[in-house]
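1. Sequence first, then the predicted structure:
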Amino acid sequence: MPLSPDYIVRETATNLWRNRLMTIAAVLTVAVSLALVGAALVLKQGAANAEVEWQRGTQVEVWMNPTSSLSENHAISNELAQLPYVHACSFHSQLADYHEAQKLLTTSEFSALTPKTTPASYRCTPNQPQDAQFVVNRFKGQAGVLKVGAPLQQIHTMEETITVLQWVFVAVALVLLLSAGVLILNTIRMAIFARRREVSVMKLVGATNWFIRLPFMSEGLIQGLVGSLVAASVVFGLHELLNSLSNNSTSVLAQMRLSGWEIFGTDAIVIVIGALIGTVGSAVAIRRFLDV
Amino acid sequence: MIRFDNVTKVYKSGTVAVRNVSLDIQKGEFVFLVGPSGSGKTTCIRMLLREELPDRGRIWVAGREIIHMPKWRVPYLRRNVGCVFQDFRLLPNKTVFQNVAFALEVIGRPKNVVETQVPQVLELVGLAKKRDALPSELSGGEQQRVAVARAFVNRPLILLADEPTGNLDPATSQGIMRLLDRINRTGTTVVIATHDAALVDWMRRRVVELDQGTIVRDQARGVYGIDATSGSVPRTEVGARRTS
């Protein structure tokens, strides 16, 4: 049956206006629900970003014996350069470590040190935090090496925390998405229930199911899109707020900061979910009224 | 045009709505289905629209067996069967013109056809001057005329009416019957389920009486009750007399 776009546009516009209270209810339901889903996704992404930031800061320190020979130093340096799981290394001379110790240690502790007795060190970033253990195992007890240090326990704890945090945010997002889906479906169903008489008249005069379904689906699409656009704006606002709060700060908030593309991606997900829930929700909600 | 072949319908509650009904209605006939409430008149109308399916038997409408018809074909069946109900079933937010035009729009008729056919049928039912009125601004009789116009605008082969005068006063009811009679004279088969004895007696058309789901009388040019002057006519005689 020919189904003109003109008819769909006209019916959609008329119905949206005529049922404006229901339309507003559906749009608000979509907006609130998806804003929560979007916020959970932003937090999940933020946790992932914080992990990356933190991984970048993970260092293994290979302290050289102050009495180590030049060849021992070269051997360690070459070996570090060749290890595939070491991302980068920097060499800190005895003098540089001496000055650093001056900043970090108390006066009484520092007084025991001289540049000659201060060990030189290699500060290395492993590719993955868990690779730190390999670096420790590799250099511990090697000729010329005084000590190898890595925050292994902290690495383990932090990794577990972030993994749990990410799963929590994903679970929250899924639960919110499910409740959003049910709420939206219910709102659309109520809107269609109020118009069941119209649907029965359409069936009576020989309208096909698609003829009846399409204007409802396009209504659902518009409600879902408008609601999700509002939700996307809220998510963007939240992102901006977090950014302004974390400016010039080294706190967790700063580490969780999302890039423009990441927030764009989250907003795109929210909008696609809104459009899908609106359209598919309408199609599902009207199904029972079509079976006449 | 319409044929019931040993049709039985039992509702889930166990109520037998229609029991072994066999009936032939020819093209262009005007038939009253009469009987008390619960006799099975409405169930027959609903089965003709395929709103209900029988448990046994077969039904043909406009040459098609409709029981085994796939669901997607049902809308196309309904385009050949106009229908009028006691409660009018008009869309309250659409004008008279829009209500009638709606029946053409849903089957994809082009705008120019709608613009031509709707005024014609509104003229036929005497509502040309009220084309822009909303149903709430019309009397019951006028609303039923709109419903008849909507059912007929597509020039269906069959027009079914379920208690079309149930909500109307006697004078208005007669007006609706005259209208249905005019439609019948265009060649459309008209089947009316009613328990309005006065109208059936006044029209003197074929009467099929149902009682507890069974056909107990099928009388050409009959009346609502047993006609003392002509008596009931055996069903086979009605079938033999069919000429139109």
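-> Perfect, I can see it now.

2. CA only for contacts and neighbour counts going forward, please
-> Fine.

3. what sits against B:Val125?
-> By C-alpha atoms under 8 Å, 6 or more residues apart in numbering or on different chains, the contact set of B:Val125 is B:145-146, B:148-149, B:179.

4. So which residues of chain B form strands?
-> Under the criterion DSSP state E, chain B contains strands at B:2-10, B:16-25, B:30-34, B:56-61, B:64-65, B:81-85, B:158-162, B:189-194, B:206-211, B:214-219.

5. how about TSV for those, with mean neighbour count and distance to chain A added?
-> What follows is these, written out as TSV (neighbours: other C-alpha atoms under 10 Å in any protein chain shown; distance: least, C-alpha to the nearest C-alpha, whole Å):
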stretch	mean neighbour count	distance to chain A
strand B:2-10	20	17
strand B:16-25	19	19
strand B:30-34	27	20
strand B:56-61	19	15
strand B:64-65	14	16
strand B:81-85	26	7
strand B:158-162	24	11
strand B:189-194	25	16
strand B:206-211	24	25
strand B:214-219	22	25
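
6. Tell me where the model's unsure across chain B.
-> For chain B, the stretches flagged by pLDDT under 70 are B:226-244.

7. Residues of it that sit close to chain A?
-> B:51, B:72, B:74-79, B:82-83, B:89-91, B:103, B:106-108, B:151 (C-alpha under 8 Å from any C-alpha of the partner chain).

8. Could you tell me which of those residues are located in helices?
-> Among the residues of chain B next to chain A, the members falling in helices (DSSP state H) are B:74-78, B:103, B:151.

9. in what helix or strand does the residue of the stretch 151-292 of chain A found nearest chain B lie?
-> At 4.1 Å from chain B, A:Gly206 is the closest residue in the stretch 151-292 of chain A, using C-alpha to the nearest C-alpha. Assessed by DSSP states H and E, A:Gly206 sits outside every helix and strand.

10. Grab the most central residue of chain B for me.
-> Nearest to the mean C-alpha position of chain B, by C-alpha atoms, centre = their mean, lies B:Leu160 at 1.4 Å.

11. so who does the residue in chain B that chain A sits nearest to touch?
-> In chain B, the residue that lies nearest chain A is B:Pro75 (4.1 Å; C-alpha to the nearest C-alpha). By C-alpha under 8 Å, 6+ apart, the contact set of B:Pro75 is A:203-208.

12. 10 Å - rerun?
-> A:202-209, B:49-50, B:81, B:106-107 (C-alpha atoms under 10 Å, 6 or more residues apart in numbering or on different chains).

13. What sits closest to it if chain neighbours are left out?
-> A:Gly206 (4.1 Å; C-alpha to C-alpha, 6 or more residues apart in numbering or on different chains).

14. That neighbour: what's it in contact with?
-> Here A:Gly206 is in contact with B:73-82, B:103-104, B:106-107 (criterion: C-alpha under 10 Å, 6+ apart).

15. can you check A:Ile184 too?
-> By C-alpha under 10 Å, 6+ apart, the neighbours of A:Ile184 are A:25-31, A:33, A:178, A:190, A:220, A:223-224, A:274, A:277-278, A:281-282.

16. just B:Ser39 next, same as before
-> Per C-alpha under 10 Å, 6+ apart, neighbours of B:Ser39: B:16-18, B:33, B:209-215.

17. Could you do B:Asp87 as well?
-> B:140, B:143-144, B:147, B:162-167.

18. which among those gets closest to B:Val190?
-> B:Asp162 (11.0 Å; C-alpha to C-alpha).

19. for the longest helix along chain B, which positions count as buried?
-> Secondary structure assigned by DSSP H gives helix B:170-185 as the longest helix of chain B. By 16 or more other C-alpha atoms under 10 Å in any protein chain shown, the buried positions in helix B:170-185 come out as B:172-174, B:176-177, B:179-180, B:183-184.

20. next one: stretch B:100-114
-> Neighbour-count burial for stretch B:100-114 [16+ other C-alpha under 10 Å]: B:100-109, B:114.

21. end to end, how far does that stretch reach?
-> 9 Å (C-alpha to C-alpha, to the nearest Å).

22. Reformat the contacts of B:Pro75 as CSV; add distance to B:Val96.
-> CSV is the format used below for the contacts of B:Pro75 (distance: C-alpha to C-alpha, whole Å):
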residue, distance to B:Val96
A:Met202, 16
A:Lys203, 19
A:Leu204, 17
A:Val205, 16
A:Gly206, 19
A:Ala207, 19
A:Thr208, 23
A:Asn209, 24
B:Leu49, 24
B:Arg50, 27
B:Val81, 21
B:Val106, 16
B:Ile107, 18
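
23. out of those, which one sits closest to B:Gly222?
-> Compare each of the contacts of B:Pro75 with B:Gly222 using C-alpha to C-alpha and the shortest gap goes to B:Val81, at 24.5 Å.

24. Kindly export stretch A:91-102 (C-alpha atoms) in CSV.
-> Below are the C-alpha coordinates for stretch A:91-102, written out as CSV (Å, rounded to 0.1, in the frame of the first residue of the first chain):
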residue,chain,number,x,y,z
PHE,A,91,69.0,7.9,33.9
HIS,A,92,69.5,9.9,37.1
SER,A,93,73.1,10.6,38.0
GLN,A,94,74.4,10.4,41.6
LEU,A,95,74.4,14.2,41.7
ALA,A,96,70.9,14.5,40.5
ASP,A,97,69.7,11.9,43.0
TYR,A,98,71.6,13.7,45.7
HIS,A,99,69.7,16.9,44.9
GLU,A,100,66.4,15.0,44.8
ALA,A,101,67.1,13.4,48.2
GLN,A,102,67.8,16.8,49.6
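
25. Would you mark the buried spots in that stretch?
-> Quick answer for stretch A:91-102 (16+ other C-alpha under 10 Å): A:92-98, A:101.

26. which residues sit against that stretch?
-> With C-alpha under 10 Å, 6+ apart, stretch A:91-102 has contacts from A:61-64, A:66, A:77, A:103-104, A:107, A:109-111, A:113-124.

27. List only buried entries from these.
-> Looking at the contacts of stretch A:91-102 with 16+ other C-alpha under 10 Å, the buried ones turn out to be A:61-64, A:66, A:118-124.

28. Compile these into JSON lines and extend it with columns for pLDDT.
-> Formatted as JSON lines, the buried ones among the contacts of stretch A:91-102 follow (pLDDT from 0 to 100):
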{"residue": "A:Glu61", "pLDDT": "87"}
{"residue": "A:Val62", "pLDDT": "89"}
{"residue": "A:Trp63", "pLDDT": "91"}
{"residue": "A:Met64", "pLDDT": "90"}
{"residue": "A:Pro66", "pLDDT": "88"}
{"residue": "A:Thr118", "pLDDT": "89"}
{"residue": "A:Pro119", "pLDDT": "90"}
{"residue": "A:Ala120", "pLDDT": "91"}
{"residue": "A:Ser121", "pLDDT": "91"}
{"residue": "A:Tyr122", "pLDDT": "91"}
{"residue": "A:Arg123", "pLDDT": "89"}
{"residue": "A:Cys124", "pLDDT": "89"}
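
29. ok, the residues you listed vs chain B, which is closest?
-> Closest to chain B, out of all of the buried ones among the contacts of stretch A:91-102 and judged by C-alpha to the nearest C-alpha, is A:Cys124, at 70.2 Å.

30. Where neighbours are concerned, which of the contacts of B:Val125 has the most?
-> B:Ala149 (32 neighbours; other C-alpha atoms under 10 Å in any protein chain shown).

31. any idea of the pLDDT on the residue most central in space within chain A?
-> Centroid-nearest residue in chain A, with C-alpha atoms, centre = their mean: A:Gln45, separated by 1.1 Å. A:Gln45 carries a pLDDT value of 82.
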